[in-house]
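*Asks:* model this:
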Amino acid sequence: MGERRYFGTDGIRGRANTHPMTPEVALRVGLAAGRMFMSSDDRRHLVVIGKDTRLSGYMIEPALVAGFSAAGMDVRTFGPLPTPGVAMMTRSMRADIGVMISASHNAYLDNGIKLFGPDGYKLSDEVELKIESMMDEALGSGLAAADQLGRVKRIDDSQARYVEIAKASFPKGLSLQGLRIAVDCANGAGYKVAPTTLYELGAEVCAVGVEPNGLNINADCGSTHPQTIAEAVRTYRADIGIALDGDADRVIICDENGRVVDGDQIMAMVALDWARRGLLKGGGLVATVMSNLGLERRLQAEGLTLERTRVGDRYVMERMREGGFNLGGEQSGHIILHDHATTGDGLMSALQVLAILAESGRPMSELARQFEPVPQKLENVRFSAGKPLEAASVKAAIAEAEARLAGQGRLLVRPSGTEKLIRVMAEGDDAKLVKAVVADVAAAVRSAG
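*Replies:* Numbers count the residues shown, from 1 in each chain. You can find the predicted model right below:
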């Protein structure tokens, strides 16, 4: 595969107003992606664009719009809308391409551009590399004729449309009546749609993180800062807490006591419920190498499988599509419900948990412990140069660690996709052994790097 210059593991991302997150790069993305998705037939071509609540969205969006319209594509802008909403609307509006402007759970200083194909799925690596190769061409190449420029409109009811799509994923004939739900929208893309959806399904809603000002997205709130939702649950004496991230594609839940429930427990809860009701496809679920061994064992006890992929929701999605699975996700709360969505959706995942809660009549704290997590330890080791994982001393340390864990745990050593870090993770039944193994491998990486 070619060297990536703009696209990372999840679209293009960077510090706002510094390369590559500048108006010029956004303009080039619009021109290149516009030309790439324009077919030769004479119909009008369409791109839809959504964003989160970052201040820099006001700068990136018009640059993208200029690029796409200059390539001859019609543009529809949604304003603030969750990433999964943009993916779904790309498909439902029969657009040729969808764009989300967001840096997900990062602070306001960063922003990003994610692209979706006409089917609502993230673009493949090959398509992204093709767009990259076109992005550095002269700005004047391949422009549309003056009478062929794209027309631009704002879609005012995009949020209402998404609310209806989300509500349709909730089981028919079930209501959230009688439940008090605290929701933290991270001052991000879900700040209107999440409380509205929960309210319309019958819940009493206590919302925090719903006053975006362009600079406070993910700031001490949302799924990456679960203390805020835990506090809200205790303050409002809620039955459950739901925390979304800035673009609302992931969710963390906490029970009525403010105890956090991670993505692994949520996946177990939904998988076992769906399996009981005959709704689970593929005979199990897809998760990444980071998911807890306890989840794997719990599923196996019920005759279900856990298939693992490398870290990144796009790899989870690929495996789900290949294997015919309808449930998958990451420990971080990125959960994909393939019957309803083409990418992770925090609100819809929360609705599945709420359906189980509403139907069972039991408190969330009883439902939340689907399995006992196996002790897990993660250490990030910085290195300055070279490839420490190729050093003989590191290979020997890894081999020794794997031998010590044999049969009662596992070791995972991998480079970070975005920083000069080696992640060393081990898990097993013996917490002391897990700690020792991670310390030994991390020390070997440190002295090699």
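*Asks:* tally of neighbours for residue 311?
*Replies:* 19 (other Cβ atoms under 10 Å). (Glycine included, C-beta is placed from N, CA and C.)
*Asks:* Might you report the residue contacts of the closest residue to it other than its chain neighbours?
*Replies:* Excluding the flanking residues, the one nearest residue 311 by Cβ to Cβ, 6 or more residues apart in numbering is residue 288, at 4.9 Å. Contacts for residue 288 (Cβ atoms under 8 Å, 6 or more residues apart in numbering) come out as 308, 309, 310, 311, 312, 315, 316, 330, 331.
*Asks:* try it again with 6 Å
*Replies:* Taking Cβ atoms under 6 Å, 6 or more residues apart in numbering, we find residue 288 in contact with 309, 311, 330.
*Asks:* CSV for those, including distance to residue 213 and secondary structure?
*Replies:* Converted to CSV, the contacts of residue 288 look like this (distance: Cβ to Cβ, whole Å; DSSP: H, G, I helix; E, B strand; the rest coil):
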residue, distance to residue 213, secondary structure
309, 37, strand
311, 32, coil
330, 29, coil
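*Asks:* Return the member of the residues you listed nearest to residue 444.
*Replies:* Closest approach between those and residue 444, by Cβ to Cβ: residue 311, at 21.9 Å.
*Asks:* Helix or strand for residue 119, just tell me which one.
*Replies:* When elements are assigned from DSSP states H and E, residue 119 belongs to no helix and no strand.
*Asks:* which phi and psi does it have?
*Replies:* Per-residue torsions, residue 119: phi -90, psi 0 (degrees, to the nearest 10).
*Asks:* Let me see the ranges of the strands in the stretch 151-300 of the chain.
*Replies:* 152-154, 180-184, 204-208, 240-244, 251-254, 260-261, 284-288 (DSSP state E, counting those that start in this stretch).
*Asks:* between the ones you listed, which gets nearest to residue 359?
*Replies:* strand 240-244 (13.6 Å).
*Asks:* The residue nearest to residue 311 pairs with what?
*Replies:* On the basis of DSSP bridges, residue 288 is bridged to residue 309.
*Asks:* Point to the helix or strand of this protein where mean pLDDT is at its lowest.
*Replies:* Of the helices and strands making up the chain, the lowest-confidence element is strand 7-8, at a mean of 87, by mean pLDDT, DSSP states H and E.
*Asks:* In three-state terms, label residue 422 for me.
*Replies:* Secondary structure, DSSP: H, G, I helix; E, B strand; the rest coil: residue 422 is strand.
*Asks:* how about stretch 353-360: buried residues?
*Replies:* The neighbour-count check on stretch 353-360 (16 or more other Cβ atoms under 10 Å) flags 353, 354, 355, 356, 357, 358 as buried.
*Asks:* Let me fix that, I meant to ask about stretch 178-195.
*Replies:* 179-195.
*Asks:* That stretch: how far from the chain's middle?
*Replies:* The chain centre lies 17 Å from the centre of stretch 178-195; the measure is Cα atoms, centre = their mean, to the nearest Å.
*Asks:* Would you confirm that residue 63 contacts residue 23?
*Replies:* Yes - counting by Cβ atoms under 6 Å, residue 63 does reach residue 23; the two are 4.0 Å apart.
*Asks:* C-alpha coordinates for the top helix by length along the chain, CSV please?
*Replies:* Selection of the longest helix in the chain by residue count, based on DSSP state H, yields helix 431-448. The C-alpha trace of helix 431-448 is given here as CSV (Å, rounded to 0.1, in the frame of the first residue of the first chain):
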residue,chain,number,x,y,z
ALA,A,431,-2.9,-10.0,38.4
LYS,A,432,0.6,-10.1,39.8
LEU,A,433,1.9,-12.1,36.9
VAL,A,434,0.2,-9.8,34.4
LYS,A,435,1.8,-6.7,36.0
ALA,A,436,5.3,-8.4,36.0
VAL,A,437,5.0,-9.5,32.4
VAL,A,438,4.0,-6.0,31.2
ALA,A,439,6.9,-4.4,33.3
ASP,A,440,9.4,-6.8,31.8
VAL,A,441,8.4,-6.3,28.1
ALA,A,442,8.0,-2.5,28.6
ALA,A,443,11.6,-2.4,30.0
ALA,A,444,12.9,-4.4,27.1
VAL,A,445,11.2,-2.0,24.6
ARG,A,446,12.5,1.0,26.5
SER,A,447,16.2,-0.1,26.4
ALA,A,448,15.8,-1.0,22.7
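*Asks:* May I see the buried residues of it?
*Replies:* Under 16+ other Cβ under 10 Å, the buried positions of helix 431-448 are 433, 434, 437, 438, 440, 441, 442, 443, 444, 445, 448.
*Asks:* Which entry within these corresponds to the minimum pLDDT?
*Replies:* Ranked by pLDDT, the buried residues of helix 431-448 bottom out at residue 448, which has 86.
*Asks:* so it sits right up against residue 388, yeah?
*Replies:* Yes - using Cβ under 6 Å, residue 448 is in contact with residue 388, at 4.1 Å.
*Asks:* Give the residues shared as contacts by these two.
*Replies:* Joint contacts of residue 448 and residue 388 (Cβ under 6 Å, 6+ apart) are residue 394.
*Asks:* Have a look at residue 63 and residue 23 and say which one is more surrounded.
*Replies:* residue 63 (20 against 17).
*Asks:* Please, which helix or strand holds that one?
*Replies:* With DSSP H and E as the test, residue 63 turns up in helix 57-70.
*Asks:* Next secondary structure after that helix?
*Replies:* That would be, after helix 57-70 and using DSSP H and E, strand 74-80.
*Asks:* now the buried residues of stretch 353-360 in CSV, with pLDDT, distance to residue 42 and secondary structure?
*Replies:* Below are the buried residues of stretch 353-360 laid out as CSV (pLDDT from 0 to 100; distance: Cβ to Cβ, whole Å; DSSP: H, G, I helix; E, B strand; the rest coil):
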residue, pLDDT, distance to residue 42, secondary structure
353, 98, 48, helix
354, 98, 47, helix
355, 98, 46, helix
356, 97, 50, helix
357, 97, 52, helix
358, 97, 51, helix
